[in-house]
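> Sharing a model prediction with you, sequence too.
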Amino acid sequence: MENNNNSSRRKFLDKGLKLGLVTAIGGLGLSKIVSQLNAKPDSNSHDKMELMTTDGTLIQVDSTEVHAMDHSQEHDKKYNVREGIPNRKFVMVVDLAKCKNALSCQSACNKHHYITGDNAWVKVYKMQESKDTAPYWMPTTCQHCDQPACVTVCPVDATFKRRDGLVLIDNTRCIGCRFCMAACPYSTRVFNWSEPDQGEITLTMDMEQHQHEASSPEHAGVPSVKGTVDKCDFCPHAIDNGELPHCVTACPNGVFYFGDKYEDTVTNGDETLRLGKLLEDKAGYRLMESLGTEPSIYYLPPTDRLVDFEDGIENYNEFQSVEKPE
Amino acid sequence: MKNYDKILKDLTPRKFNKLGIIWTSLLIVVIIAGLIAYIDQLIKGQVVTNMRDYALWGIYISNFVFFVATSFVGTVIVAFLRLTHKGWRTPLVRIAEIISLACIIMAGITIMIDMARPDRLLNLFIHARLQSPITWDVIIIPTYIVLSFLLLYFPLLPDLAILKKYYKETKPKLSKWYGTFALNWTGSKVQKAIQTKSIKTIAYLIIPVGFILQTVDAWLFSTTYRVGWSSTNMGAYFISGAFVAGVGALITVVYVIRRTYKLEDYITYLHFDKMGRLLVLACLIYLYFNINEYLIPAFLADKEEESHLRLLFFGKYAPLFWFVIIGGLIVPIIVLTFKKGRKPLPMFIMALLVVLGSWWKRYLIVTPTLLHPFLPIQGVPESWRQYFPSLHEWLITGATLAMALLIITMLFRYLPIIPIQRTADENELLKTDKNTES
């Protein structure tokens, strides 16, 4: 009995103390809010607010000077095309366990970039490391390397690396020497050997839609230019609209995850995952890591596959990656 | 000894004979055909070539490398022999200088033919980036053109003055032209001192520039990750290859010139003997670097290297590869080692083999590597897995070679092939030597 009494009294004291603390803090906060609500612009209150500026320094501002404003849309959009979207670092994760060579990524990419040549920008390779190991399907885009060999060798700075991770091409500057194609170990670059036959009507319509960004390195293939190099641009035009790259949204199997390395998040549209954890759990790797090109595309090994390799065979076309109108 | 009048008569430029006219017109026809093909390429795009996304460089590039290599003869013969005071160089230097200048000019033109957007040529200067090996080429090729020109021009001044005098009565118009280019050369002591000093400076300068030119050319390839290109051997390999191509081209041209202009008195067996020895040395050095380039990767047999080398040693490119190694290097080494092999005709045949081997060698450096990317070639038409030049490419390449030959021919037509003044001076020296002896 005595014990019981003791413990209940202790509980009472404990709760009472906590309650008191909460009321005190709440009261203090309430009085602050009230005083702020009452404060008028002309009244010289000495309340200071601590704020952080956009470049990260802390400042103190008199609370009377602070006004709410709408979130600026313009500010995010206005950036140098060669610098990239501020404070972003785009990455992609390709889960080889899910790929069954559906080729939706390829056809979506071909469609949205008006690819009409003979070499698609997104490829799904039929891979087999050695005859004793299992075959698998490997989709590739431009690897958007952090140490891009193509950018190093470009004599005119037509292909460039941005801070947000993208490697893009200014096809109004490219001189067509093809050194970047020779330098790229991933064979990702495609050349316009002749005047590209992109179907003028659809292209002009699309260009009118995005008139402000007409012929920008941010939407490769709109339009393609004879005698210049093209390749996957990681779809910054889609990112601007808050959308995912076309290959990501088109994939029926959720193979592609796109995201921001700084946010440590990637999404395939259905699920959003922590990049670091995903790479750790599934032993992510990058293509030809030993070359030191530091790609932005991570691959998850084709283990515990959800699909049979054989399922993809019927779609496989060794000699064609762009569908031609009959 | 030969007197001055005979030297003058023998060595002043001569009009084309019938064969000369046929030869020149033939070259012009080939050039026109190539020009038409090039205009077609400009209109339709490089789709007229057989280059595609995998074989993204073809004979334009290998031909360019060949021209650059051949232009090395100016550095080797002229500068080296001049600085080492080898007396036997006299009748050969001008020929070497002319080949060198013609080839480096054509190298510059050939690389522009490979550019798909020649209309944006100025971007190379406006937006130049120093880290790109192409920019290094943009710097070094014009430098070498200027130095090659000066190395041809400065020693030419006394001869131009002689020609001005020679043609004063018979061809006053031509004489005036020679006079203009002779820059009022009188042969005074001051002028001679300036000339000697300038030539010496340029000869010293052209050696490092020639080495840089060949090395930059090698680095165009070795700065990529490609199998067969990313080799630390590349710079020295290219320099020694250029040595071979240059001396080979020199011997071929010297032989033809000697026969057509009947210069047997001036270009003697001694000169062929010396050039033959030089070619053997060049081929031996190049063979050594070839062994390094192919044998060590074959020993390691890294998977990528192995499939690349298999293609060269036993595969599709094997006939060409072994022709280049055996026909273009080993056979000439053996033949030219014997004194009988260093007679003009066998040497001409060997040199022709060497030049042919040198041209195809560049093709073998460029093409098989490109068809061996790291990721398998998939999703492109089957024809893209192969490369053999199209008609357009042959016509255009033929035209560049013809243009180089035309430049050489025209310079031989209007310039004294063998330095007149120097030959006369040397004869004079010999005479006085003999006089003092007797």
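Thanks, I have it.
> buried set for the helix or strand where B:K192 lies?
In this structure, B:K192 is located in helix B:189-222 according to DSSP states H and E. Buried residues in helix B:189-222, defined by neighbour count with 16 or more other Cβ atoms under 10 Å in any protein chain shown: B:191, B:195, B:198-199, B:202-203, B:206-207, B:209-222. Where C-beta positions appear, they are placed from N, C-alpha and C, glycine not excepted.
> so which of those residues are also by chain A?
B:L220 (Cβ under 8 Å from any Cβ of the partner chain).
> what helix or strand is the nearest residue to A:T53 once chain neighbours are set aside on?
Using Cβ to Cβ, 6 or more residues apart in numbering or on different chains and skipping residues adjacent in sequence, the residue nearest A:T53 is A:I59, 6.0 Å away. Assigned by DSSP H and E, A:I59 belongs to strand A:58-62.
> same thing with A:K226?
Assigned by DSSP H and E, A:K226 belongs to no helix or strand.
> what number of residues lie near the closest residue to chain B within the stretch 101-250 of chain A?
Closest approach between the stretch 101-250 of chain A and chain B, counting by Cβ to the nearest Cβ: A:G176, at 2.7 Å. Other residues near A:G176 number 24, with proximity taken as other Cβ atoms under 10 Å in any protein chain shown.
> Got the phi and psi for it?
Phi and psi for A:G176, reported as degrees, to the nearest 10, are phi 70, psi 30.
> correct me, but it touches B:D119?
No. Contact between A:G176 and B:D119 fails when scored by Cβ atoms under 8 Å: they sit 9.8 Å apart.
> Let's see the pLDDT reported for the spatially most central residue of chain B.
Of all residues in chain B, the one closest to the mean position by Cα atoms, centre = their mean is B:T70, 2.2 Å from it. We have a pLDDT of 96 for B:T70.
> Excluding chain neighbours, what is closest to it?
Using Cβ to Cβ, 6+ apart, the closest residue to B:T70 is B:C103 (4.4 Å).
> That neighbour: what's it in contact with?
Counting by Cβ atoms under 8 Å, 6 or more residues apart in numbering or on different chains, B:C103 makes contact with B:67-68, B:70-71, B:73, B:249, B:404.
> In helices, which of the residues you listed fall?
Those of the contacts of B:C103 mapping onto helices are B:67-68, B:70, B:73, B:249, B:404, per DSSP state H.
> Looking at those, state which has the most neighbours.
Counting neighbours by other Cβ under 10 Å, B:V68 leads those with 31 neighbours.
> now that residue: how far from chain A?
16 Å (Cβ to the nearest Cβ, to the nearest Å).
> I'd like the next helix or strand past the helix or strand harbouring A:L30.
For A:L30, the element it lies in under DSSP H and E is helix A:2-38. Moving toward the C-terminus from helix A:2-38, the next helix or strand (DSSP H and E) is strand A:48-52.
> Enumerate every residue touching A:V266.
A:91-93, A:257-259, A:272-273, A:275, A:278 are the contacts of A:V266 under Cβ under 8 Å, 6+ apart.
> My reading is that it lies in a strand. Confirm?
Yes. Counting by DSSP: H, G, I helix; E, B strand; the rest coil, A:V266 falls inside a strand.
> Nearest residue to it in space, please, no chain neighbours.
Using Cβ to Cβ, 6+ apart and skipping the chain neighbours, the partner closest in space to A:V266 is A:G259 (3.3 Å).
> What strand or helix carries the one you found?
Assigned by DSSP H and E, A:G259 belongs to strand A:256-260.
> Partner strands of that strand, with direction?
Looking at strand A:256-260 with DSSP bridges, its partner strands are strand A:90-95 (antiparallel), strand A:265-267 (antiparallel).
> what is the mean pLDDT for the first one?
Pointing back at strand A:90-95 there. Averaging pLDDT along strand A:90-95 yields 97.
> Name the residues that touch it?
The contact list for strand A:90-95, computed with Cβ under 8 Å, 6+ apart, reads A:138-139, A:141, A:144, A:164-166, A:234, A:239, A:245, A:248, A:254-261, A:266, A:275, A:278-279, A:282, A:284, A:296-300.
> Run through the chain and note the low-pLDDT ranges.
Looking at chain A here, since you left the chain open. Residue ranges of chain A with pLDDT under 70: A:1-7, A:9, A:34-46, A:54, A:69-77, A:200-214, A:326.
> should've been chain B
Residues of chain B that meet the criterion pLDDT under 70 lie in B:1-2, B:429-438.
> The closest residue to chain A within it - how many residues pack around it?
Residue of chain B nearest chain A, by Cβ to the nearest Cβ: B:A116 (2.7 Å). By the criterion of other Cβ under 10 Å, B:A116 has 25 neighbours.
> check contacts around it.
By Cβ under 8 Å, 6+ apart, the contact set of B:A116 is A:175-178, A:191, A:226-228, B:45-46.
> quick one: it is in a strand?
No. Looking at B:A116 with three-state DSSP, it is coil, so not inside a strand.
> I figured A:R286 hits A:I297, correct?
Yes. Using Cβ under 8 Å, A:R286 is in contact with A:I297, at 6.7 Å.
> Can you pull the residues that touch both of those two?
Contact criterion Cβ under 8 Å, 6+ apart; residues shared by A:R286 and A:I297: A:Q143.
> Tell me how many other residues surround B:I21.
By other Cβ under 10 Å, 11 other residues sit near B:I21.
> Output the set of residues of the stretch 1-150 of chain B in proximity to chain A.
Contacts of the stretch 1-150 of chain B with chain A, taken as Cβ under 8 Å from any Cβ, map to B:44-47, B:49, B:51-54, B:56-57, B:114-117, B:120-121, B:123-124, B:126-129, B:131-135, B:138.
> quick one: A:L275 from chain B, how far?
Counting by Cβ to the nearest Cβ, the gap from A:L275 to chain B is 25 Å.
> List the contacts of the residue nearest to B:T224 when sequence neighbours are not counted.
Leaving out its chain neighbours, the residue that sits closest to B:T224 by Cβ to Cβ, 6+ apart is A:A183, at 4.8 Å. Residues near A:A183 by Cβ under 8 Å, 6+ apart: A:149-150, A:152-153, B:223-225.
> need those residues in a markdown table with secondary structure and distance to B:E293, can you?
Output for the contacts of A:A183, formatted as a markdown table (DSSP: H, G, I helix; E, B strand; the rest coil; distance: Cβ to Cβ, whole Å):
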| residue | secondary structure | distance to B:E293 |
| --- | --- | --- |
| A:A149 | helix | 22 |
| A:C150 | helix | 26 |
| A:T152 | helix | 24 |
| A:V153 | helix | 22 |
| B:T223 | coil | 17 |
| B:T224 | coil | 16 |
| B:Y225 | coil | 17 |
